[in-house]
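Participant: Quick check, what structure comes out for this input:
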Amino acid sequence: MTRKDQQQASRVEQEGAGHGGLSQAEIDELVASSDTGGRSPDGFAAKAILGLALAWSLFQLWFASPLPFIFDFGVFNDTQARSIHLAFAVTLAFLAYPAARSVFQLILGIGVPVLLGILFWIGGEGTMPVWIPALIVGAVAVSIVLGSPKNRIPAWEWGLALVGAFCALYLFIFYRDLSGRPGAPIFQDLVVGMIGIILLLEATRRSLGPALMIVASVFLVYTFLGPYMPSIIAHKGNSLNEVINHHWVTTEGVFGIALGVSTSFVFLFVLFGALLDKAGAGNYFIQVAFSLMGHMRGGPAKAAVVSSAMTGLISGSSIANVVTTGTFTIPLMKRVGFSAEKAGAVEVASSVNGQIMPPVMGAAAFLMVEYVGISYFEVVKHAFVPALISYIALVYIVHLEAMKAGMEGLPRPVEPKPWVVRVVGFLFGVLVLCAVSFAVYYGMGWMRPAFGEAASWIVFALLVAVYVGLVAFSSRYPELHLEDPNAPVQKLPLPGPTVKSGLHFLLPVVVLVWALMIDRLSPGLSAFWASAFMIFILLTQRPLFAFFRKEGDLGGQIKRGSVELIEGLIAGARNMIGIGIATATAGIIVGAVSQTGVGSALAEVVEVISGGNLMAILFLTAILSLILGMGLPTTANYIVVSALLAPVIVTLGQQNGLIVPLIAVHLFVFYFGIMADVTPPVGLASFAAAAVSGGDPIKTGGIAFFYSLRTAALPFLFIFNTDLLLINVGWIGGFGIFIVATIAMLLFAAATQGWFLARNRYWESAALLLIAFTLFRPGFWMDMIYPPFAERAPGEIVEAAAAAPEGEPFRIRVAGLNDIGDPIEFVAQLHLGPGTDGTERLKNDGITLREEDGKIFIDDVAFDSDAQAAGLDWDQEVLKVLQPISQPSKYLMFIPAVLVLLLIVFIQRRRVAAGATRPVGAGAGQG
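Facilitator: Take a look at the predicted model:
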C-alpha cells in the first residue's frame, strides 16, 4: 500500500469512527435517499431542483398567509391549491429520486403500469384508443429499463416530470370547465386522469418504495374487477369514466382530504421545523439535554431520549430524527457501556416516539382534525398524556438498563450545588415562569379590547423586543458546537450557560403554541405566523449576535442568515416530497373504499374472522398496521388503516356494549403505524440507527421493539379507559390521571425489563404487570364486584330513564338495520338531562317511543340530537335497558395494588441490602 493510500484509509477510518464504518457524508446520503431524494446532479439540474423546492415553500407561505386577501391577488381555493401542491411534489419526486434498477423494482415498475394500462383500456369500454395507455406505459417502462443515474437527470425523466406536473395542474388550469360538467368527464379528462394516476404511482415507487404503490394498485384493480371478486367483497364494478372522475377529477380520491391536509397544514409545520433546525435549535436541544442529564446513570442514553423528544416536536421523520441526534448520542452511549445494538435501539425507540408527541405528530394530528371532526386543540389534548408518559417510561427503561450493567454517567464539569439550593432555584424559576405567563395572558386579554386593530402591531413589537432582549442575554455565552463524540475525553457542557445560550429558540415554539391553544387560530394560520417569525429570526439572529458580541462584519452575518433562510426553505420543501406523494396516493385507497363500499364488506370479513370479539379485532388492526407500516410511511399507513378499520372497531365496540370514542380508535391506529418504523425485518429507523452504531440492524430492531412495548400497550389501555385521553376529564382530574398512569407505566417497564430495585423473580414481574393493569384500569375489577348497570326490560325504559342520575351514561341495546340493510344489534349510550319524567327526559334527548304487540320501538329520532349521534334511528326495537346504578369508587382498587407493590419493594430492598441481586434456583430472574 502506498503512503497516499494509507493516508486515505486513515482518513476514511476517522470519518467513519463511531458510525459503524459510515462517514458523515454516507449518513447524510442515507437520510437523503429516504427523506429528501438521493439524486445529486450538477449544473442546471441541481439549480432546478433547488429552485422548485424554494418556489414550493414560497407558494405554501403565500397560500397560508392573509396577504392574498389583503391585496386581492393570488387567491386560491382548496382544490386549486391541492392541484399546485401535488404538481410540485410529483415534479420533485421525478427529479430528486432516481429510479431503482433491482430485478424486483423492474418487475413492479413495468408490471403495474402495464396492468393498469390494460385495465384502463378495458374499463373504457372502447372509448379509449389502445395507443394512449400503451404510450404512457411504454414511456414509464423505458425510463425504468434505462435507469436513472444519481448524478444527472436523463431527458425522459424531465419529460415524465413535466407531464406529471401538467396532469396534477389539470384541476387548476381547467377548474372552471371541470366545475361546469360535474360527473361527466370528457375524453380529455380520461386521458389526463389515466396518465396522472400511472405517473403518481411511479413517483410513489421512487420516493417511498414499492409497498404503497402495490397497495394502491390492488385497490384500483379491485375497483375495476368487482364482479369477479369473492362474493363477500364483490361489487358491481366501475367503468373508466367513473374511476377517473372519482379519483382525479373530483376531490373524492387523489385530491381528497389527505392531500388537502398536506396542503393546508402539514407543509407549514414541516417547514417550521426545518427553519427551526436550520437556525440551530436542533443542536441546542441536544446540548441542553446532555447538560441536564448526561451525569446520570446511563446519562447519554437518557439525554438521547430527551433530545429526541424535543427534536420530535419539530420533526415528522423518524429516520431524520435518528440520524440527527444519533450521530452524537449513539457513540456516547457506547462509551458508557451500551452495546451497539442497545445504543441504536434506544435512539430508535426515542426518535420514533417523536411522531406521537404533540403539537406536530407527523401529519396525523391534522388528518385527525378532518377525519374525526374535532378541533386541533382537542386532538392535542387527547394525545398529550399517552405521549408524555411513554417518553418518561423510556427514560426509566434506560435507567434500568444502566442499573443492570452498573453504568455510570459522564463526569460533571463542576461539583453540583447542594440539593436544597437546586430545589429552591427550581421553584423560583417556576414561580417566575408562572408570573410571566399570567402577566402575558391577562396583558394580552386587556390589550386587544383596548387597542383594537392596532393590538396586533403592539404585540409584534413586544415580541420583537423580547426576542432582541433574549439574544442580547444569550450573546454573553459562547455559541454551541457539537463536540466529537469519539474524542478520548468527554466533558459535559455546563447546564446554566448551555440553557441560556439559546433561549430565543423557544420564542417561535411559544408563538406556535399560543396561536394554537390560546388564540385558537387554525393550524395552518398558526404555523404560518410561527414560520414567519422563524424567517425573521433567521434573518436577524446572526447580525444581532455579531453586534452584541462586538464581532463586526454585520454584512457577512446578514448574508449568512439569508443563505440559512434559503437553505431552510429548500430543506422544508424537500422534506415534504414524500409526504405530499403519500397523501395523494393514499387518496386513491380512500377513494376506492368510498366508491366500492368495501368498508362495509370488510367489516363483515373482520367480524367473521374475529368472531365479533372486540379484543380480537383490535389485535387484527394492530397486526395490519404493523404489516402495512413495514412499507408505507406513517401518514399513509394511518390513512389506509383508519379508512378501512376505524369504523369497524367503533361498530363492533357498540355491538359488544363498549362505546369507543372515534379519536381513541384513530390514535390506536396511529400508534401501531409508527411501531412499524421499529419492527423488523423492515423497520427503516432501525436500519438507520444500525448504520450509525455499526450494530446488527435486525437485532437493533428487535431490542427497539422490546423497548417500545410500552407504546404498544398504551393503545389497548386507552381504548378501554378513555380517561387516559382526558375525554370528559377536567384539568385537576387530568393531573391525577397523569400521575397514576405514569406510575403504572413505570411499573410496566420494570416488569418487561425484568428489573425493579433488583433483578425480578418471575412472580414479581407478573405481580408488577398486574399492579400496572390495576392502576390503568381500576374499573375492570370494580365492575366485576359491583356491576355498573342494572338490566331492565324494554317495557321499563321510561321508569329507568326517570331514575337514571343526570349526566350518567344511560344505555339501551337496540336491533335494527345497518346502512346496507343487514340486521344489526348494538348498544347506544345517552346522557339524559333534566325532565319531569322519563318520557320527557328521553324526548329531550331526541327519542320518541311507541309500543306494538308488547314490544318497544323507537318511533322517531330528532335531527342533530344526542340520540341520532349515538346511532339511533326510527323503527329500531329496544331489546334491553341498562340503567346506571351507584357503585363504590373504582379507585378503591388502588389499595390492594399499593399493598402488593409495597410488599415487592420490601422484598427487593432486602435482597439489595443482602447483595443478592440475582435470584437462584427455581425462581431464577429474567435478563
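Participant: For stretch 177-195, buried residues please.
Facilitator: Neighbour-count burial for stretch 177-195, counted by 16 or more other CB atoms under 10 Å, picks out 178, 185, 189, 190, 191, 192, 193, 194, 195. In this view, the C-beta of every residue, glycine as well, is placed from N, C-alpha and C.
Participant: Just the terminal-to-terminal distance for that stretch.
Facilitator: End-to-end distance of stretch 177-195 (CA to CA, to the nearest Å): 19 Å.
Participant: cool, and stretch 880-893?
Facilitator: End-to-end distance for stretch 880-893, by CA to CA: 29 Å.
Participant: Could you check how far it is from the centre of its chain?
Facilitator: 36 Å (CA atoms, centre = their mean, to the nearest Å).
Participant: and the gap between residue 55 and residue 261?
Facilitator: Distance, residue 55 to residue 261, using CB to CB, to the nearest Å: 21 Å.
Participant: for residue 509, same thing?
Facilitator: In terms of CB to CB, residue 509 sits 22 Å off from residue 261.
Participant: try residue 166
Facilitator: Residue 166 is 24 Å from residue 261, by CB to CB.
Participant: Neighbour count: these two, which is higher?
Facilitator: A side-by-side neighbour count of residue 166 and residue 261, using other CB atoms under 10 Å, places residue 261 first with 27 against 17.
Participant: Remind me which helix or strand the more buried one belongs to.
Facilitator: Using DSSP states H and E, residue 261 maps to helix 257-261.
Participant: Identify the residues contacting whichever helix or strand comes after that helix?
Facilitator: On the C-terminal side of helix 257-261, the nearest following helix or strand under DSSP H and E is helix 267-278. The contact list for helix 267-278 (CB atoms under 8 Å, 6 or more residues apart in numbering) reads 57, 60-61, 64, 85, 282, 314-316, 324, 359-360, 366, 505, 508-509, 512, 523-524, 527-528, 530-531, 534-535, 538, 564-565, 567-569, 571-573, 575-576, 579-580.
Participant: Next, the buried residues of helix 267-278.
Facilitator: For helix 267-278, by 16+ other CB under 10 Å, it's 267, 268, 269, 270, 271, 272, 273, 274, 275, 276, 277, 278.
Participant: now swap in stretch 656-673 and tell me
Facilitator: If you call a residue buried by 16+ other CB under 10 Å, then stretch 656-673 has these buried ones: 656, 659-673.
Participant: Which strands and helices lie in contact with the helix or strand harbouring residue 471?
Facilitator: Secondary structure from DSSP H and E places residue 471 in helix 455-474. Helix 455-474 sits against helix 419-451, helix 506-513, helix 523-548, with contacts defined as 3 or more CB pairs under 8 Å, 6 or more residues apart in numbering; DSSP states H and E.
Participant: by contact count, what packs against the helix or strand just after it?
Facilitator: Sequence-wise, the next helix or strand downstream of helix 455-474 (DSSP H and E) is helix 495-500. If you count contacts as 3+ CB pairs under 8 Å, 6+ apart, helix 495-500 packs onto helix 281-293.
Participant: Now do the helix it packs on: distance to the chain's middle.
Facilitator: Put simply, helix 281-293 sits 23 Å off its chain's centre (CA atoms, centre = their mean).
Participant: Could you check whatever helix or strand comes next after that helix and say which residues are buried?
Facilitator: As assigned by DSSP H and E, the chain's next helix or strand after helix 281-293 is helix 299-312. Residues of helix 299-312 classed as buried: 299-312 (neighbour count, 16+ other CB under 10 Å).
Participant: and helix 299-312, what does it pack onto?
Facilitator: Short answer (3+ CB pairs under 8 Å, 6+ apart): helix 299-312 packs on helix 281-293, helix 318-335, helix 340-352, helix 376-405.
Participant: rank those by pLDDT, which is bottom?
Facilitator: When the helices and strands packed on helix 299-312 are compared by mean pLDDT, helix 318-335 comes last with a mean of 76.
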